[in-house]
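# from the sequence below, what's the structure:
(one chain, ligands or ions: 1)
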Amino acid sequence: EKDPLIVLVTGAAGQIAYALFPMIAKGAMLGPDQPVILHMLDIEPAGDILKAVKLELMDGAFPLLKGVITTTDVIEACKGVDIAIMLGGFPRRKGNSNKDLISKNIGIYKAQASALEQHADTNCKVLVVANPANTNALILKEYAPSIPEENITSLTRLDHNRALNQLSENLNVHVGDVKNVIMWGNHSSNQYPDANHAMVNIGVGHKSVKELVADDNWLNTEFITNVQRRGEVIIKSRRLSSALSAASATCDHMRDWILGTPKGTWVSMGVYSDGSYGIQPGLIYSFPVTCEKGEWSIVQGLKIDKFAREKMDALEKELIEEKNFAYSCLH
Ligand code: NAX
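Residues are numbered from 1 along each chain as shown. Sure thing, here's the model as predicted:
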């Protein structure tokens, strides 16, 4: 049997965590043969909720779950951690911009970065989900310099999966037969799903989405706004933000990163920019990536049209502004 991996989940009393824990405990994130020990971190006022969620996890009788620690102490939470899933922070409320959230979350991410730096495994892999995800990840990267920069990522997989679903509905094909959409840049209200390179499995090979859509214009209009507004649509009806789909996307992100992407398939991940596609190096920017043996690499050489280029540049600009704003809050 494999040694257990220690998985930290911050914001562990929150709603994404609640949907995520059974997925982790059943092996959907790290594989059906990978035992796990959970470290659940939240803040003092959520202490009772944490304990109750632990009771439910124990009642799940999960064979892969080898231990559960609940804590409100960042240092205890970060000890020996192999995988860190950062859900903790202030969730986006109606009308909140990324800037509102930066000022609320920056202190948290600075402190948690230091704790991970000092107490986590040196090869700890980090996924930041809490908004503003890209900029929280950037702060974490800056304040945990001994964690390799390729180990710090942010979530755009929910947007990616939403985009796959929109294509599947429009083309009337199963979502499992659609692949290689791209979320470029930032997880924000201006997010850009790019279907220029997306493919559909038609049984005897693949056809491009561009060839298959009835109305070419749809990809640059409604398709984009449908993906951008999906979160709002869900908040309006559920009166809570997306949690089940966010948890599932979190699992997808980690699983693909650690266990690898299928051949011929890429996924979207917020990763530090090495200057690919002309994006400012050092930003945490979402790119199409393939993964193998726990390492991601940015898909190179995709042809970028003028429309996509403008969107990509606008999102880069947004992230530079967020970065500058974050630094102005810190000093
Ligand atoms: P919840 O409000 O249900 O949970 C957040 C939890 O974080 C709470 O239990 C809170 O007590 C805890 N928390 C606050 N400060 C903390 C700290 N310093 N240390 C540890 N825990 C702390 O939010 P939930 O719906 O679970 O969403 C979690 C985060 O994901 C939010 O920031 C949300 O905006 C973000 N999202 C990001 C998405 C993405 O695609 N990147 C999509 C889903 C989601 O909206």
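# which parts of stretch 252-264 are buried?
Using 16 or more other C-beta atoms under 10 Å as the test for burial, stretch 252-264 gives 252-258, 260-261. Placement of C-beta: from N, CA and C, glycine included.
# including pLDDT and secondary structure, could those residues go into JSON lines?
Formatted as JSON lines, these follow (pLDDT from 0 to 100; DSSP: H, G, I helix; E, B strand; the rest coil):
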{"residue": "D252", "pLDDT": "98", "secondary structure": "helix"}
{"residue": "H253", "pLDDT": "98", "secondary structure": "helix"}
{"residue": "M254", "pLDDT": "98", "secondary structure": "helix"}
{"residue": "R255", "pLDDT": "98", "secondary structure": "helix"}
{"residue": "D256", "pLDDT": "98", "secondary structure": "helix"}
{"residue": "W257", "pLDDT": "98", "secondary structure": "helix"}
{"residue": "I258", "pLDDT": "98", "secondary structure": "helix"}
{"residue": "G260", "pLDDT": "98", "secondary structure": "coil"}
{"residue": "T261", "pLDDT": "98", "secondary structure": "coil"}
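# now render these as CSV, adding distance to Y277.
Output for the buried residues of stretch 252-264, formatted as CSV (distance: C-beta to C-beta, whole Å):
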residue, distance to Y277
D252, 23
H253, 20
M254, 24
R255, 25
D256, 21
W257, 20
I258, 25
G260, 23
T261, 19
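# now, which of the residues you listed sits nearest the ligand?
The closest of those to the ligand turns out to be H253 (C-beta to the nearest ligand atom; 9.7 Å).
# now the closest residue to that closest one other than its chain neighbours: phi and psi?
Closest residue to H253 apart from its sequence neighbours, by C-beta to C-beta, 6 or more residues apart in numbering: R157 at 4.4 Å. Backbone torsions for R157, taken as degrees, to the nearest 10, come to phi -70, psi -30.
# where does R157 land on pLDDT?
Looking at R157, its pLDDT stands at 98.
# and if you look at E232?
For E232, the model assigns a pLDDT of 93.
# before we move on, what about T70?
At T70, pLDDT is 98.
# what about the closest residue to it other than its chain neighbours, which SS state?
Among residues not flanking T70 along the chain, L50 sits closest, at 4.2 Å (C-beta to C-beta, 6+ apart). Secondary structure, DSSP: H, G, I helix; E, B strand; the rest coil: L50 is helix.
# doesn't G14 make contact with L50?
No: if you go by C-beta atoms under 8 Å, L50 and G14 don't touch, sitting 10.2 Å apart.
# which residues do these two both contact?
Residues within reach of L50 and of G14 at once, by C-beta atoms under 8 Å, 6 or more residues apart in numbering, are D42.
# let me see the ranges of the helices in this structure.
Per DSSP state H, the chain carries helices over the ranges 15-25, 47-59, 74-78, 98-119, 133-143, 157-171, 209-212, 222-238, 244-259, 306-330.
# which of those helices is buried the deepest?
helix 133-143 (a mean of 26; mean count of other C-beta atoms under 10 Å).
# which helices and strands does that one pack with?
helix 98-119, strand 125-128, strand 152-154, strand 267-272, strand 284-292, helix 306-330 (3 or more C-beta pairs under 8 Å, 6 or more residues apart in numbering; DSSP states H and E).
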